[in-house]
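Visitor: Sharing a sequence plus its predicted fold:
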Amino acid sequence: MQKELAHLTDLEAAAELAQLSKRLKELEIAYHTYDAPLVSDAEYDVLKRRNEELERLFPHLIRSDSPSLRVGGAVAEGFQKITHKVPMLSLGNIFEVAEIADFVDKIRRFLGLPDTQEIEFVAEPKIDGLSYSAMYHNGIFETGATRGDGTVGEDITANLKTIDQLPKRFSESDNLFAHPVPKWLDVRGEVYMSKSDFLALNSEAEKMGKKLFANPRNAAAGSLRQLDAAVTATRKLSLFSYAYGFLEGQKWSSHWDFLTSLKGWGFPVSPDIKLCKNAQELADYYTDMMAKRADLPYDIDGVVYKVNDYALQERLGFITRSPRWAIAHKFPAEQAITRLNAIRIQVGRTGALTPVADVEPINVGGVIVKHATLHNADEIARKDIREGDMVVIQRAGDVIPQIVDVLTDKRPENSRPFDFPTVCPICGATAVKEGDDAITYCTGGLGCPAQALESLKHFVSKSALDIDGLGAKNIELFFELGWIKTAADLFDLPQKYADELRMRDGWGPKSVENLTEALNKAKSGVALDRFIYALGIREVGEATARLFAKTFGVWDVFFEAVRSENAFDVLQHIEGVGPIMAQYVVDFFAESHNLTQIHRLVDIVQVMPYEKDEEKQTFLSGKTVVFTGTLTTMTRAEAKAKAVSAGAKVSGSVSAKTDFVVAGESAGSKLKQAQNLGVRVLSEKEFHQVLDEGFNYQYDEI
Ligand code: IVH
């Protein structure tokens, strides 16, 4: 328990300040440099605040490494560094509505304005993402950076270029308000991932058995701060612009006017900004945004109030590392404390043993939470989460609730660490953890009822065979009744069990007819990629299934390839397929039980050849491109990212399969090889033309 501030001696205060400085630094590095927060934002804020209060009461004890003097994280190794021409600072925080009036009063006093004089503010949502700086020279985007430690950031130019919403150039004519383009303008704002894009990314990651992101902010940070911008290009990132840093050649008189210019030039500016005249209007804005929060397509963690008049902003200046003219008003975190009643193990389709926390139902930010995810055995051990513990539950956006902390001081006396099972709780087969994998798997295969049932649900699901009238509930019921054991059994249901079905509650003749129809539809034709996905091969998600379908075109060719002696090599050579996945695929098709099922299925279901999605085609779709030599208008990473976003595969070596070689300056052996093999060579300029003109690009005109 923390001691009342006023009762602290100098010695105690100094000791606590030292401890806080160390702890906050640890938390900041984890958050900013590794995108892996150790505690919730709310817990961090509590510590930061305690530090500030101590410093206010004991100013003579402020440390030279005080957390108040730091802005954010340090620059991660691996990125080029960019020194900000104007530092990227932070904001002070308030947490209570009552503190708004203090903020406004302080400003008024600082400026020597009478109590009656109103000050205009711009109120904005505080986007929960990661801040960026984008430098424009005469309206042309030049470089982009993260905040880093506020003085030096990471060079993310190539990564920012992959974000469609970021204007790559802007001009006066684009602007309805015709503000002339400044010579230099460093636009600042926040890159974020929308809630829906985050859920889609995580669900794809889950299907592929990859690590999930904890929340949209981490997903945005992890996607933007990729050394290989081609990875960023595959992630859906959005942004809002809300400030400028360095500015030369133009001026604005107010923040509102500046934001209006930005909008006119095509920069995304939050539609929820508002001009407010006094503390009351700011408080109303806070309440409105709090109510709107859940319905916004992106996460916000509070609101920001900024003095509108730039002349006043200049007079107000900064206190250490944050402006006097702005403040962040944070929302209370959506957290609550409850009891962890039990840890239950679920067995998924691939045999993964996933621990789930059953908690005493509790209201967290307006939603009743009964279960929370515990991820895996390591996570339980790391946090030492035990049955019977009082735990802090957090709900961030639409994410599955998580346990962010354990109140160990409230732990029951007889509590024991959780023993993660070494056998499958459903079928009793051995459960194993392989190599570095954090996940424990049941080795029972389809002999394990849990895996068999989940595989059936997967087989009929939307992205697989999409069989109407066979939701998860019905599959569970038919499985329990023993009517279906494997996917092929589904197709016998209407004939074999027609009478029983018709008699069941909620199943009239019409439902049986509908089911028959849905099954017949599937029999008459299933797309190759859906069929491969439906088989439920470990690591093979929708994207990989599509990749296989695209590569092999028809089922017979795919099947022959995966059954061939050199299947592993063939698969591994497909761009986007690694050795682990290749091995899972080979193993799957080597298992006799699986083969029996597959033969039965392809006898029943007509698997259609893969059809290309015409709409998404660009000139480079499916083409293999190799870059060589020095590019002068973009970095290699940027060029790669652009080619990948246009649908191309980028390869490191030239072969007869290469469609294009893009040759920059002083290209050497790869260019020679391309010429020898008769592979089409594009200059850097031609590559730009290909990108700009997309599908309309005329091959012969170069
Ligand atoms: S203004 C001088 N406006 O919050 C400070 N920041 O806690 C300029 N943020 O570093 C920042 N939404 O990453 C500003 N509408 C908004 C914001 C915002 C989110 C972030 C930004 C900043 C952090 C401070």
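Guide: Thanks, I have the structure now.
Visitor: what about the strands in the stretch 501-650 of the chain?
Guide: Listed in chain order, the strands found in the stretch 501-650 of the chain under DSSP state E, counting those that start in this stretch are 526-527, 607-608, 624-628, 649-651.
Visitor: how many neighbours does residue 241 have?
Guide: Here the count is done by other CB atoms under 10 Å, and residue 241 has 24 residues near it. For every residue, glycine as well, the C-beta is placed using N, CA and C.
Visitor: swap that for residue 27, please
Guide: 18.
Visitor: re earlier: looking at the strands of the stretch 501-650 of the chain, which is nearest to the ligand?
Guide: Nearest to the ligand, of all the strands of the stretch 501-650 of the chain, is strand 649-651, at 32.3 Å by CB to the nearest ligand atom.
Visitor: Packing partners of the closest one?
Guide: Counting contacts by 3 or more CB pairs under 8 Å, 6 or more residues apart in numbering; DSSP states H and E, strand 649-651 is packed against strand 624-628, helix 636-645.
Visitor: Determine which of these shows the lowest mean per-residue pLDDT.
Guide: When those are compared on average pLDDT, helix 636-645 comes out lowest at a mean of 69.
Visitor: list the contacts for residue 547?
Guide: With contacts taken as CB atoms under 8 Å, 6 or more residues apart in numbering, residue 547 has the following neighbours: 574, 576-577.
Visitor: In three-state terms, label residue 283 for me.
Guide: Local secondary structure at residue 283 is given as helix here, using DSSP: H, G, I helix; E, B strand; the rest coil.
Visitor: OK, contacts around it?
Guide: Contacts of residue 283 were listed using CB under 8 Å, 6+ apart, and they are 97, 100.
Visitor: From the ligand, how far out is it?
Guide: Residue 283 sits 18 Å away from the ligand, going by CB to the nearest ligand atom, to the nearest Å.
Visitor: what's the answer for residue 657, then?
Guide: 45 Å.
Visitor: The stretch 1-150 of the chain against the ligand: which residues are in contact?
Guide: Taking CB under 6 Å from any ligand atom as the measure of proximity, the stretch 1-150 of the chain contacts the ligand at 89-91, 124, 126-127, 131.
Visitor: Make JSON lines from the contacts of residue 547 and add distance to the ligand to it.
Guide: Written out in JSON lines, the entries for the contacts of residue 547 read as follows (distance: CB to the nearest ligand atom, whole Å):
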{"residue": "574", "distance to the ligand": "40"}
{"residue": "576", "distance to the ligand": "34"}
{"residue": "577", "distance to the ligand": "38"}
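Visitor: Looking at these, which is nearest residue 618?
Guide: The nearest member of these to residue 618, counting by CB to CB, is residue 576 at 17.8 Å.
Visitor: Could you tell me which residues make contact with that closest one?
Guide: 543-544, 547, 649.
Visitor: Output the set of residues of this structure in proximity to the ligand.
Guide: Counting by CB under 6 Å from any ligand atom, the residues of the chain lying close to the ligand are 89-91, 124, 126-127, 131, 190, 242-243, 304, 323, 326, 328.
Visitor: try 8 Å
Guide: Within reach of the ligand by CB under 8 Å from any ligand atom, the chain has these residues: 71-72, 88-91, 93, 124-131, 147, 188-190, 240, 242-243, 270, 300-301, 303-304, 306, 322-323, 326, 328.
Visitor: of the residues you listed, buried ones?
Guide: A residue is treated as buried here by neighbour count (16 or more other CB atoms under 10 Å); on that basis the buried members of the residues of the chain next to the ligand are 71-72, 88-91, 93, 124-131, 147, 188-190, 240, 242-243, 270, 300-301, 303-304, 306, 322-323, 326, 328.
Visitor: Restricted to helices, list those.
Guide: Members of these lying in helices (criterion: DSSP state H): none.
Visitor: Check which helix or strand the residue of the stretch 401-550 of the chain found nearest the ligand maps to.
Guide: Of all residues in the stretch 401-550 of the chain, residue 404 sits closest to the ligand, at 19.9 Å by CB to the nearest ligand atom. In the assignment (DSSP states H and E), residue 404 maps to strand 402-406.
Visitor: Would you mind pulling the contact partners of that strand?
Guide: 39-40, 43, 214, 335, 340, 357, 372-374, 383-386, 389-394, 396.
Visitor: give me that answer again for 10 Å
Guide: With CB atoms under 10 Å, 6 or more residues apart in numbering as the test, strand 402-406 has contacts from 37-40, 42-43, 214-215, 333, 335, 337-338, 340, 357, 359, 372-375, 379-380, 383-386, 389-396.
Visitor: hmm, back to that, point out the least confident member of the contacts of residue 547, please.
Guide: Looking at pLDDT alone, those dip lowest at residue 576, where the score is 79.
Visitor: Check the spacing between the closest residue to residue 171 other than its chain neighbours and residue 145 real quick.
Guide: Counting by CB to CB, 6 or more residues apart in numbering, residue 171 lies nearest to residue 139, which is 5.3 Å off, once chain neighbours are set aside. When distance is defined by CB to CB, to the nearest Å, residue 139 is 19 Å away from residue 145.
Visitor: Between the two, point out the one with more neighbours.
Guide: Neighbour count, other CB under 10 Å: between residue 139 and residue 145, residue 145 has more, with 28 against 18.
Visitor: SS state for the more buried one?
Guide: Counting by three-state DSSP, the backbone at residue 145 sits in strand.
Visitor: Just give the number of residues close to the closest residue to residue 646 other than its chain neighbours.
Guide: The shortest distance from residue 646 to any residue other than its chain neighbours is 4.2 Å, reached at residue 620 (CB to CB, 6+ apart). Other residues within reach of residue 620, judged by other CB under 10 Å, total 24.
Visitor: dump the residue contacts of residue 26.
Guide: With contact taken as CB under 10 Å, 6+ apart, residue 26 is in contact with 38-39.
Visitor: What strand or helix carries it?
Guide: Secondary-structure element containing residue 26, defined by DSSP H and E: helix 10-28.
Visitor: mind checking how far the closest residue to residue 317 other than its chain neighbours is from the ligand?
Guide: Leaving aside its chain neighbours, residue 317 sits nearest to residue 324 (5.9 Å; criterion: CB to CB, 6+ apart). Taken as CB to the nearest ligand atom, the spacing of residue 324 relative to the ligand amounts to 10 Å.
Visitor: what does the model give whichever residue of the stretch 1-150 of the chain sits closest to the ligand for pLDDT?
Guide: Per CB to the nearest ligand atom, residue 131 is where the stretch 1-150 of the chain lies closest to the ligand, at 3.3 Å. Looking at residue 131, its pLDDT is 96.
Visitor: who's it bridged to?
Guide: Partner residues in beta bridges with residue 131, using DSSP bridges, are residue 190.
Visitor: pretty sure it is touching residue 243, no?
Guide: Yes. With contact defined as CB atoms under 10 Å, residue 131 and residue 243 form a contacting pair (9.0 Å).
Visitor: For the two, list the residues in contact with both.
Guide: Residues touching both residue 131 and residue 243 (CB under 10 Å, 6+ apart) are 88, 188-190.
Visitor: As a markdown table, these with pLDDT would be great.
Guide: Listed next are the shared contacts of residue 131 and residue 243 as a markdown table, based on pLDDT from 0 to 100:
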| residue | pLDDT |
| --- | --- |
| 88 | 95 |
| 188 | 98 |
| 189 | 98 |
| 190 | 98 |
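Visitor: quick check, nearest of the residues you listed to the ligand?
Guide: For the ligand, the nearest member of the shared contacts of residue 131 and residue 243 is residue 190. The distance, counting by CB to the nearest ligand atom, is 4.7 Å.
Visitor: isn't residue 204 right next to residue 540, touching?
Guide: No. With contacts defined as CB under 10 Å, residue 204 does not count as touching residue 540, sitting 11.9 Å away.
Visitor: So between these two, which is more surrounded?
Guide: Here residue 204 and residue 540 are set side by side on neighbour count (other CB under 10 Å), and the busier one is residue 540, at 23 against 14.
Visitor: Backbone dihedrals for the more buried one, please?
Guide: phi -100, psi 100 (degrees, to the nearest 10).
Visitor: is it true that it touches residue 458?
Guide: No. Counting by CB under 10 Å, residue 540 sits too far from residue 458 to count as a contact (11.1 Å).
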